[in-house]
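Chemist: Generate a structure from the sequence data that follows.
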Amino acid sequence: MEAKLDTFPRRLLHQAAVRPRHPATREKDLGIWQSWTWKQVASEVRAIACGLATLGFKRGDHLAIIGDNRPRLYWAMAAAQCLGGVPVPMYQDAPANEFVYVLNDAAIAYAFVEDQEQVDKMLEARPQVPTLAHVVYDDARGLRNYTGAGYEGIVSYESLVAAGREHDRAHPGFFDAEVAAGRRDDVSVMLYTSGTTGKPKGVRQTHEAFLVASEGGIGFDRLTDDDSVLSYLPMAWVGDHLFSYAQWLVAGFTINCPESADTVMTDLREIGPTYYFAPPRVFENLRTQVMIRMEDAGAIKRA
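Modeler: Have a look, this model is predicted:
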């Protein structure tokens, strides 16, 4: 591992410097694929990080990440790391009462969530989570009236980024100094176990641990910046964090976020990823679908 590229924020800035116009992230929204270059992603992460700083987020703090695979959620994860904080991705399909334990266990004061559904869960859980003070949301649909009493600390992505850019202009050296202060043995993420044998446990991993694992996988699979990956597995799962986040920042390839869980197979065909990670059950389902279509096809097509 190169000494100067021993944290994820430094890897991000490196990718933005060496391939600024290369697509880093894509997302299908309303049937259309949107794309962001590495330079654009680095700029957004910088603004998010500075925005979080205006809310009081600092080194060692934990940031809950809750939602489907979305570019802004991945960027928020990187932003927290830029400030020396620890992202804590959580399973988006869990009910509010299941969030309470993890939010308290991780002493979560800041949460970055996808949409109204997740904001409502945070509001429901907040009376039982005294530390939870700030919730930033990505998708603003249905949240127009979430202001005033009872909605304190609810902030839109746009307002957070606007505040972050203003903070960056007022303190031009702040962001770079925070990234420079990071060390390879700092905790980079906290991932919770499934809790099948008791309460879920927060597993803390360092930058170095995931960077080394990423470099090993990239070398074995011969991945390059020309590769393309479909990021569809839960962000709270260690597999997604390795294959969709860590390897993304190390190899510099493109991650593609599907429109929804229901459109994954359609989006998969449209993107045609060069690298696709999935558990055996997914590949078994793919094989079954192909076999069924073959049996239903005419003799010529079947041949």
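Chemist: average model confidence for the strand or helix carrying Thr266?
Modeler: Counting by DSSP states H and E, the element that carries Thr266 is helix 264-271. Helix 264-271 shows a mean pLDDT of 84.
Chemist: just the CA coordinates of it, formatted as PDB?
Modeler: Output of helix 264-271 as PDB, limited to C-alpha atoms (Å, rounded to 0.1, in the frame of the first residue of the first chain):
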ATOM      1  CA  VAL A 264     -32.100  -4.700 -10.500                       C
ATOM      2  CA  MET A 265     -32.200  -7.300 -13.200                       C
ATOM      3  CA  THR A 266     -33.300  -4.700 -15.800                       C
ATOM      4  CA  ASP A 267     -30.700  -2.300 -14.700                       C
ATOM      5  CA  LEU A 268     -28.100  -5.100 -14.800                       C
ATOM      6  CA  ARG A 269     -28.900  -5.700 -18.500                       C
ATOM      7  CA  GLU A 270     -28.700  -2.000 -19.300                       C
ATOM      8  CA  ILE A 271     -25.300  -1.500 -17.500                       C
END
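Chemist: So which bits of that helix are buried?
Modeler: Going by neighbour count (16 or more other C-beta atoms under 10 Å), the buried part of helix 264-271 is Val264, Asp267, Leu268, Ile271. All C-beta spots, glycine's among them, are computed from the backbone N, C-alpha and C.
Chemist: can you pull the contacts of the second one?
Modeler: This points to Asp267. Taking C-beta atoms under 8 Å, 6 or more residues apart in numbering, we find Asp267 in contact with Lys28, Leu230, Tyr232, Asn256, Pro258, Glu259.
Chemist: Filter these down to the ones in helices?
Modeler: Residues of those located in helices (DSSP state H): none.
Chemist: Can you lay out those as a markdown table showing distance to Arg19, pLDDT and neighbour count?
Modeler: What follows is these, written out as a markdown table (distance: C-beta to C-beta, whole Å; pLDDT from 0 to 100; neighbours: other C-beta atoms under 10 Å):
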| residue | distance to Arg19 | pLDDT | neighbour count |
| --- | --- | --- | --- |
| Lys28 | 23 | 90 | 18 |
| Leu230 | 20 | 92 | 23 |
| Tyr232 | 24 | 90 | 24 |
| Asn256 | 17 | 94 | 25 |
| Pro258 | 24 | 91 | 22 |
| Glu259 | 26 | 88 | 18 |
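Chemist: any idea which of these is closest to Thr196?
Modeler: The shortest gap between Thr196 and any of the contacts of Asp267 belongs to Tyr232, at 23.2 Å (C-beta to C-beta).
Chemist: where's Val136, which helix or strand?
Modeler: If you go by DSSP H and E, Val136 is part of strand 134-137.
Chemist: Grab the most central residue of the protein for me.
Modeler: The chain has Tyr74 as the residue nearest its centroid, 2.5 Å off, counting by C-alpha atoms, centre = their mean.
Chemist: and the helix or strand just after the strand holding Val136, what does it pack onto?
Modeler: Counting by DSSP H and E, the next helix or strand C-terminal to strand 134-137 is strand 154-156. Contacts defined by 3 or more C-beta pairs under 8 Å, 6 or more residues apart in numbering; DSSP states H and E place strand 154-156 against strand 134-137.
Chemist: Which residues does the strand it packs on contact?
Modeler: The contact list for strand 134-137 (C-beta under 8 Å, 6+ apart) reads 55-57, 76, 109-116, 118-119, 122-123, 143, 153-157, 160.
Chemist: Mind doing that once more with 7 Å?
Modeler: 55, 109-113, 115, 119, 122, 143, 153-157, 160 (C-beta atoms under 7 Å, 6 or more residues apart in numbering).
Chemist: Looking at the residues you listed, spot the one nearest Ile218.
Modeler: Distances from Ile218 to the contacts of strand 134-137, taken by C-beta to C-beta, are shortest for Phe112, at 27.2 Å.
Chemist: That closest one pairs with what?
Modeler: Beta bridges link Phe112 to Ile65, Val136 when assigned by DSSP bridges.
Chemist: Hmm, Met77 and it touching each other?
Modeler: No. Using C-beta atoms under 7 Å, Phe112 is not in contact with Met77, being 8.3 Å away.
Chemist: Who has more neighbours out of the two?
Modeler: The residue with more neighbours, out of Phe112 and Met77, is Phe112; 30 against 26, by other C-beta atoms under 10 Å.
Chemist: can you pull the contacts of the more buried one?
Modeler: Leu63, Ala64, Ile65, Leu73, Ala76, Val136.
Chemist: Would you format the contacts of Asp267 as TSV with distance to Met190 included?
Modeler: Shown next, in TSV, are the contacts of Asp267 (distance: C-beta to C-beta, whole Å):
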residue	distance to Met190
Lys28	29
Leu230	25
Tyr232	22
Asn256	26
Pro258	25
Glu259	29
